[in-house]
Each structure stands twice: as C-alpha cells, then as structure tokens.
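Asks: no sequence for this one, just the structure:
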C-alpha cells in the first residue's frame, strides 16, 4: 500500500489531474471575477460574434466600436474560434473558453514535463512541473484568455521537435511546426517559449542536416505571425476604423517607464509569477546551473530572460500592471526552480521547500475563484435590455474603458466615463450615430450618475435611460 502511494505521488500525471480537478471548481462561472474580466470578455465577444454575425476567422469583431462594424485587429483568434466551434455544436455558453483553456493548458503542463525530461534528470522535470502548475499558470489557465493556451501549443510543438531530433519521421516535424505556428499566432509574446530551440541546435545527437531543417522550420513558422501582426492587423485597423490591438511602445519609452517604476516591474519576477518561495528556488537553480556549468539550462534561462526583457521594454507601464505578460517566461523560471530544488544537498529539504511552494502558490490564487456580489447584477442586464424595442439600437455604458458590461448587455455601442456621458454635445453626436439608450451602472463597473432623460428601467444596481 505504501509503495502504491509513493508511486502515485511520484507520478506527475497525478498532480496534473489533481490540479485540473481543483480548477474545475466554478468552471461554469461567467467571466466577472475581479482578475481580468475585461480581457476575458473581449475574447468571448469575438467568439459570440463568430457564431451570430460572421464566422470568417480573418475578421474578428468586438462590441464596443459604436456604430462601426466592430471588425478590428487583434491576436489571431485561434482560441476565440475554438469557442465558436464548440458553441456551434452545443449552443453558446460563457464558460466554454474556461474549459477549453484548462484542458489545453493541462496538456501543456504534461508536455512541459516530457520536454524537460528529454534534457534533464527526471526529478528536475518533476519539481519543475509541480512549480509550473502552482505558478500564475494555476489561475490563468482557467481564464478565458489566450496566454496559457498559446504557450501550451508551443510547448507541445517543442516536444515534437525534440522527438524529431531523435527520429527521422517528418510527421513529428510537421505536427510541431503547425502547433508552434498556431501558438505564436494566438499570442505573439508566447514566442519567448521558443528560445529553448537553441537546445536542438547544440544537441550532440542531432545531425547537421536536422539542425538546418529545424532552423529553416522555425523561420517558416514565424511567417504567418509576421503576416498577421504586421500586415493584416494594421489593414483591419485602417480599413474598418477601430484600433483595439496594443502593438507596444518604443524601446526608449518603455525604458523610461521602467526606470521610474523599477520596483513595480521587478515585483512581477519575484512576487507574482512563481511567488516568493518559487522565485528563491529559481535563483538557487540559476546559481547551481552557473556553478556546475549546465550549459543547456544557462542557455534556456539566459535567452528567455533577454526575450522577456524585450517584451517588458515594448510594453512599458502596461507590463507592470498585467501579470499575464510573465506567462511566456514561466517555463524557463520553473525549469530553473526545479533544478534548484533538485540541487539541494538533502532530499527532505527539497520536499519541505516544495511543499512551501505548493502551499504559497495555491493559497495566493484562491481568490480568483470568487465572484464579487457587485458584479452579479450584470447577469440581468441582457434580459432587461431585451424588453426595449430594437436589439440593434446602440447603447453607451458608464464603465470607463472596461468592455465587460457591454458583453453581458449583449448589445453594441460604446463604453465611456461618467464625465464623458454628461457632456451633452458628445451624447448628441452619438445620437446621430445611432445611440438610443444609456446604461448607468451604480456599482461594480460604474458609479451613480443622474441624467436628464426618461428612465425606462430602474434597478438597484443600474438604471437605463432612453434617448428616443
């Protein structure tokens, strides 16, 4: 019995499945938790518009572009389209994206373990994957966001490239190429995960021919992403008149923002990615890697770090405010942390430290399973708006720049601040463009506001004015 328990707890598949089961709690919740509900609802808007308006994957649409079509440049909507495909079979539900992301991200963790196992000792892979599971991967892999989804596709693709190095069958190369291309298309910064491809080029068992094939394959993989982000996204923005996608700042702008808020930027590395104990293990791993001259690990961590610094400089202050920018760097950090634990001189010390990392990572993210009561009223907004004459009438909501209420309204229009909504010339201009109703949220995403228009719906949490 004891041997069976030891075998079970020593099998990474047990921990991946357990982590998956824990994250199934509240999986059917609508995307209105505090953490990044705005980012999730921009994903679900696009998926629902594929279902209800146009399923052409090259023309993603959002609902906050006012009188415009809503077509705009954004990440290539692989994730959004997968939600659409499931919805076309079973009918639309808010939470499909959560489940899809969780399943793919769990596969990503499994292939991360398999990939690391090909280059390092099994205990390094085991420790690294456990740390990976309780990093911010734990919470973001159940959100309706493409970040862990994209990184997972790349990790799976990288594994098949590793298989190709030791196997002459081209199907592994093709499969790996397709998955990596889809991953980069889904989220451009996820390309940071590709930095370990250096391992394939310094792999002693790989022939020169295979190294050339792999190098050319990576070059070909980047072409779809280059076309999408640097040609098609600007084309959509210019031709359909709505700019949504954030392409970043200049390096100098990012550096100035970094230098003036250095501690805030650094906190993303030591406080909110692997959390404090995980980061300590990561530093220990880097120390032992340099000391023992583990070139493969030094390459992975070093080049991945340089790549994430480029993203940091291109993002500027946005990086400091959004932890998910660190997700592409998690595999490298987790690998270093796993190597650090495996390098501890005593096994019991490694286990105790690991238990601390697991506890800290899990407990720090439990709040992500809760939905604030002030957000629940949004679930009634669509049915109240359905009582109004024409579903095509445009609305404006006082949620600032947050699109979440518009998604739950299941309407199209604008999101604006209270101050802007009180400007009569501005509202008059919007009326010419089709504005017919104003939704004033009294809590949650907005605050109380009294306007000189007829009230058609009055609720504790919001009020709807008519401009007819």
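Replies: Ah, there it is. As the structure is a prediction and not an experimental result, all values here were calculated from the model. Residues are numbered from 1 along each chain as shown.

Asks: any weak-confidence spans in this structure?
Replies: Within the chain, the ranges that satisfy pLDDT under 70 run 1-2, 168, 198-206, 245-248.

Asks: Show me where it has its strands.
Replies: Assigned by DSSP state E, the chain shows strands spanning 394-397, 413-415, 435-441, 455-458, 462-466.

Asks: thought residue 137 was touching residue 147?
Replies: No: counting by C-beta atoms under 8 Å, residue 137 stays clear of residue 147, with 9.3 Å between them. Every residue, glycine included, has its C-beta placed from N, CA and C.

Asks: tell me, what's touching these two both at once?
Replies: Jointly contacting residue 137 and residue 147 under the rule C-beta atoms under 8 Å, 6 or more residues apart in numbering are residue 327.

Asks: Now for the one residue sitting closest to the centre of the chain: which residues touch it?
Replies: For the chain, the residue nearest the mean C-alpha position is residue 147 (2.5 Å; C-alpha atoms, centre = their mean). Residue 147 makes contact with 140, 187, 190, 324, 327-328 under the criterion C-beta under 8 Å, 6+ apart.

Asks: Closest one of those residues to residue 441?
Replies: Nearest to residue 441 among the contacts of residue 147, counting by C-beta to C-beta, is residue 324 at 25.4 Å.

Asks: Contacts only, for the closest one.
Replies: Taking C-beta under 8 Å, 6+ apart, we find residue 324 in contact with 36, 39, 136, 140, 145, 147.

Asks: possible to save the strands of the chain as JSON lines with mean neighbour count and distance to residue 207?
Replies: Formatted as JSON lines, these follow (neighbours: other C-beta atoms under 10 Å; distance: least, C-beta to C-beta, whole Å):
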{"stretch": "strand 394-397", "mean neighbour count": "25", "distance to residue 207": "60"}
{"stretch": "strand 413-415", "mean neighbour count": "24", "distance to residue 207": "56"}
{"stretch": "strand 435-441", "mean neighbour count": "22", "distance to residue 207": "63"}
{"stretch": "strand 455-458", "mean neighbour count": "14", "distance to residue 207": "70"}
{"stretch": "strand 462-466", "mean neighbour count": "21", "distance to residue 207": "66"}
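
Asks: Nearest to residue 344, out of those?
Replies: strand 413-415 (50.9 Å).

Asks: ok now that closest one, how far from the chain's centre?
Replies: Centroid separation for strand 413-415 versus its chain: 24 Å, with C-alpha atoms, centre = their mean, to the nearest Å.

Asks: Partner strands of it, with direction?
Replies: strand 394-397 (parallel) (DSSP bridges).

Asks: about what we covered before: is it possible to export the strands of the chain to JSON lines including distance to residue 270?
Replies: Compiled in JSON lines, these are given as follows (distance: least, C-beta to C-beta, whole Å):
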{"stretch": "strand 394-397", "distance to residue 270": "38"}
{"stretch": "strand 413-415", "distance to residue 270": "35"}
{"stretch": "strand 435-441", "distance to residue 270": "37"}
{"stretch": "strand 455-458", "distance to residue 270": "48"}
{"stretch": "strand 462-466", "distance to residue 270": "41"}
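
Asks: Out of these, the one nearest residue 229 is which?
Replies: Nearest to residue 229 among the strands of the chain is strand 413-415; the distance by C-beta to C-beta comes to 25.3 Å.

Asks: separation between residue 172 and residue 107?
Replies: Going from residue 172 to residue 107 by C-beta to C-beta, to the nearest Å gives 16 Å.

Asks: again, but for residue 423
Replies: Going from residue 423 to residue 107 by C-beta to C-beta gives 50 Å.

Asks: Which residue of the two possesses the greater neighbour count?
Replies: The neighbour count for residue 423 versus residue 107, taken as other C-beta atoms under 10 Å, is higher for residue 107 (16 against 12).

Asks: how close does the more buried one sit to residue 345?
Replies: 35 Å.

Asks: same thing with residue 131?
Replies: As judged by C-beta to C-beta, residue 131 and residue 345 stand 19 Å apart.

Asks: out of those two, which sits in the busier spot?
Replies: Taking neighbours as other C-beta under 10 Å, residue 131 and residue 345 compare with residue 131 leading, 30 against 6.

Asks: which ones are touching that one?
Replies: 274, 278, 281, 334, 337-338, 341, 354, 357, 361 are the contacts of residue 131 under C-beta under 8 Å, 6+ apart.

Asks: what do you get if the cut-off is 6 Å, keeping everything else the same?
Replies: By C-beta atoms under 6 Å, 6 or more residues apart in numbering, residue 131 lies in contact with 278, 334, 337-338, 357.

Asks: Most neighbours out of those, which is it?
Replies: Counting neighbours by other C-beta under 10 Å, the top entry in those is residue 337, with 32 neighbours.

Asks: My understanding was that it contacts residue 282; is that so?
Replies: Yes: because the distance of 4.2 Å satisfies C-beta atoms under 6 Å, residue 337 is recorded as touching residue 282.

Asks: quick one: the closest residue to residue 170 other than its chain neighbours from residue 158, how far?
Replies: Closest residue to residue 170 apart from its sequence neighbours, by C-beta to C-beta, 6 or more residues apart in numbering: residue 164 at 7.7 Å. Per C-beta to C-beta, residue 164 is found 10 Å from residue 158.

Asks: and if you look at residue 123?
Replies: 21 Å.

Asks: Report the separation between the closest residue to residue 188 other than its chain neighbours and residue 414.
Replies: In space, and not counting its chain neighbours, residue 188 is closest to residue 229: 5.8 Å by C-beta to C-beta, 6+ apart. The spacing between residue 229 and residue 414, counted by C-beta to C-beta, is 27 Å.

Asks: swap in residue 254?
Replies: In terms of C-beta to C-beta, residue 254 sits 30 Å off from residue 414.

Asks: Same question for residue 211.
Replies: 53 Å.

Asks: Please apply the same query to residue 302.
Replies: 46 Å.

Asks: Touching, residue 94 and residue 29? I think so.
Replies: No: using C-beta under 6 Å, residue 94 is not in contact with residue 29, being 8.0 Å away.

Asks: Adding distance to residue 462, write the contacts of residue 131 out as CSV.
Replies: Below are the contacts of residue 131 laid out as CSV (distance: C-beta to C-beta, whole Å):
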residue, distance to residue 462
278, 41
334, 43
337, 46
338, 48
357, 43
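
Asks: Quick one: residues contacting residue 249.
Replies: By C-beta under 6 Å, 6+ apart, residue 249 lies in contact with residue 316.

Asks: before we move on, what about residue 448?
Replies: Applying C-beta under 6 Å, 6+ apart to residue 448 gives the contacts residue 442.

Asks: Not counting its own residues, what contacts stretch 458-468?
Replies: Outside of stretch 458-468, the residues within contact range by C-beta under 6 Å, 6+ apart are 377, 431, 436-443, 451, 453-457.

Asks: Identify, from those, the entry nearest to residue 73.
Replies: Residue 73 has its nearest neighbour among the contacts of stretch 458-468 in residue 439, at 27.2 Å by C-beta to C-beta.

Asks: For the nearest residue to that closest one once chain neighbours are set aside, name its beta-bridge partners.
Replies: Once flanking residues are discounted, residue 439 sits nearest to residue 397: 4.4 Å by C-beta to C-beta, 6+ apart. Assessed by DSSP bridges, residue 397 has beta-bridge partners residue 415, residue 439.

Asks: wait, what's in contact with residue 397?
Replies: Taking C-beta under 6 Å, 6+ apart as the criterion, residue 397 is in contact with 405-406, 415, 439.
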